[in-house]
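**Q** okay, sequence plus prediction incoming.
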Amino acid sequence: MLTSLLLAASLLACAPHSPVQPTLGKETQESASSELLRSFGSDEVRQLLAQAARAQPKSSDALQERATCAALRQLVLRGFHGGPTGTPPITAAERTLALTTLSTLNTPMEIQCALKVLDGEGSRPNYIACDAQVRRAAFAALAREPQVGQPRLVQFAIEGEDPVRQRAFDALPSELSKQALEELIRHLASDREMHINRAASIASGYSNAAATLIPALVSAQYDAPTAKRGDEAWIAIGKTVSYVQNQIPLVGDASTSFQPVVGTLYEGSLLRIMESMVEIFRTEVHLSLDTMIEEATGVPPPPLGYDEDRWMVWYREEFPRLAAEHRAQRALELEIKQAVTLPAARDA
């Protein structure tokens, strides 16, 4: 027994020692194994990842973000932007690889870095705004990532300019994450009418989240009167007539003349708004609310108009029961439909 232990110890002592490999954190391992870093990882990227593996968590996150941004800059350079003058042009295969890799981004860090790099850095353009293929690939990645991607996609669909807004709207998934719903609710409380109406239009397509969105829609459909003091605006409708209202004599050597002074008369009417009371009824939001309720409950919405208090009483007392009954009815219909399509049922 003693001889065996001594032999084993001798063999361990003589065995060559391999260097200890640094252990990457979970997030670093995910980033290091991503398609982005495999296809566009440079020496700088690998060095930053190695430093991140040895650093404290806070510093490690910053280094990982720098590495991801560096890889994305390589993607833009090799797939979209090209190098300095005189370098070979970008091939179709390189562009396809860049677009495919961009569409596979799937972590919050990669999404944040992609939005930062694609938004335009230095002399590079905003690729999301000016390149339809890049926009399509980036929005496909945003739609799959719930924490950062979907909220930003909602923001693009509400605040963006065409065609960015329309592409973002088309890319929205059938079910929104909690963070995306919160972004939608935030826009329903916006101070811009256009953003409120767009958010309501998007919300109407998500009856599966009606329990979350209905209170925000109820609150957004009406703004109580707000009194304003002082001059608000004025409108003048009329015309101007010029006439000579005076003459100034000018005397020179053996000559004399007059310089006319031209006056102006205004003819017409002036509307001056000195105090106002503003009350807003948002019909588009109201229609979106009605559509969502009918989809979620299977029955027409109650005729409560724009009365927020009555809507909230109905939402607390009636909506849960109606929504549950509608879900049960749909589940039963689906079960019957599946039963009818079974071979035994068809033979019968």
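**A** That came through, no problem. In this text, all values refer to a predicted model and were calculated from it rather than measured experimentally. Numbers count the residues shown, from 1 in each chain.
**Q** can you show me the strands along the chain?
**A** 222-228, 233-252, 255-273, 276-281 (DSSP state E).
**Q** which one of those lies nearest to Ala328?
**A** Checking the strands of the chain against Ala328 by CB to CB gives strand 222-228 as the closest, at 32.7 Å. Any C-beta I mention is one placed from the backbone N, CA and C, and that applies to glycine too.
**Q** the longest helix seen in the chain - contacts with which helices or strands?
**A** If you go by DSSP state H, the chain has its longest helix at helix 319-340. Counting by 3 or more CB pairs under 8 Å, 6 or more residues apart in numbering; DSSP states H and E, the packing neighbours recorded for helix 319-340 are helix 210-220, helix 283-297.
**Q** and the spatially most distant residue from the centre of the chain, what pLDDT?
**A** Relative to the mean C-alpha coordinate of the chain, counting by CA atoms, centre = their mean, the farthest residue is Ala254 (80.3 Å). Note on Ala254: pLDDT of 74.
**Q** turn the helices and strands packed on helix 319-340 into JSON lines, including mean neighbour count and mean pLDDT.
**A** Formatted as JSON lines, the helices and strands packed on helix 319-340 follow (neighbours: other CB atoms under 10 Å; pLDDT from 0 to 100):
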{"stretch": "helix 210-220", "mean neighbour count": "21", "mean pLDDT": "95"}
{"stretch": "helix 283-297", "mean neighbour count": "20", "mean pLDDT": "94"}
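**Q** now mean neighbour count too, for the strands of the chain, in TSV please.
**A** Formatted as TSV, those follow (neighbours: other CB atoms under 10 Å):
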stretch	mean neighbour count
strand 222-228	11
strand 233-252	9
strand 255-273	10
strand 276-281	12
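**Q** between the ones you listed, which gets nearest to Glu182?
**A** Closest to Glu182 of these, according to CB to CB: strand 222-228, at 21.6 Å.
**Q** per-residue confidence averaged over that closest one?
**A** 81.
**Q** same check, this time on stretch 154-164
**A** 94.
**Q** what comes up buried for that stretch?
**A** Neighbour counts over stretch 154-164 (16 or more other CB atoms under 10 Å) mark Val154, Gln155, Phe156, Ala157, Ile158, Glu159, Gly160, Val164 as buried.
**Q** what about the stretch 51-200 of the chain, any weak spots by pLDDT?
**A** In the predicted model of the stretch 51-200 of the chain, residues 82-87 satisfy pLDDT under 70.
**Q** what ranges do the helices span in the stretch 51-200 of the chain?
**A** Assigned by DSSP state H, counting those that start in this stretch, the helices in the stretch 51-200 of the chain fall at 57-76, 92-103, 108-118, 127-130, 132-144, 149-159, 164-171, 178-188, 193-203.
**Q** related to what we said a few turns ago, the strands of the chain: which one's closest to Arg54?
**A** Nearest of the strands of the chain (CB to CB): strand 222-228, 55.6 Å.
**Q** what's the angle between the closest one and strand 255-273?
**A** Taking axes from the mean of the first three to the mean of the last three CA atoms, to 10 degrees, one finds strand 222-228 and strand 255-273 inclined to each other by 140 degrees.
**Q** comparing the strands of the chain by mean pLDDT, which bottoms out?
**A** strand 222-228 (a mean of 81).
**Q** give me the contacts around that strand.
**A** Strand 222-228 is contacted from outside by Glu275, Ser276, Met277, Val278, Glu279, Ile280, Phe281, Arg282, Tyr306, Glu308, using CB atoms under 8 Å, 6 or more residues apart in numbering.
**Q** from those, which single one is nearest Ala138?
**A** The nearest member of the contacts of strand 222-228 to Ala138, counting by CB to CB, is Arg282 at 31.7 Å.
**Q** is the closest one in contact with Ile196, as I believe?
**A** Yes: Arg282 lies in contact with Ile196 (CB atoms under 8 Å); the separation is 6.5 Å.
**Q** apart from its chain neighbours, what residue comes closest to Ala199?
**A** Take Ala199 and drop its neighbours on the chain: the residue closest to it by CB to CB, 6 or more residues apart in numbering is His187, 3.9 Å away.
**Q** show me the contacts for the closest residue to Phe258 other than its chain neighbours.
**A** If the residues on either side of it in the chain are set aside, Phe258 comes closest to Gln247, at 4.1 Å by CB to CB, 6+ apart. Applying CB under 8 Å, 6+ apart to Gln247 gives the contacts Phe258, Gln259, Pro260, Val261.
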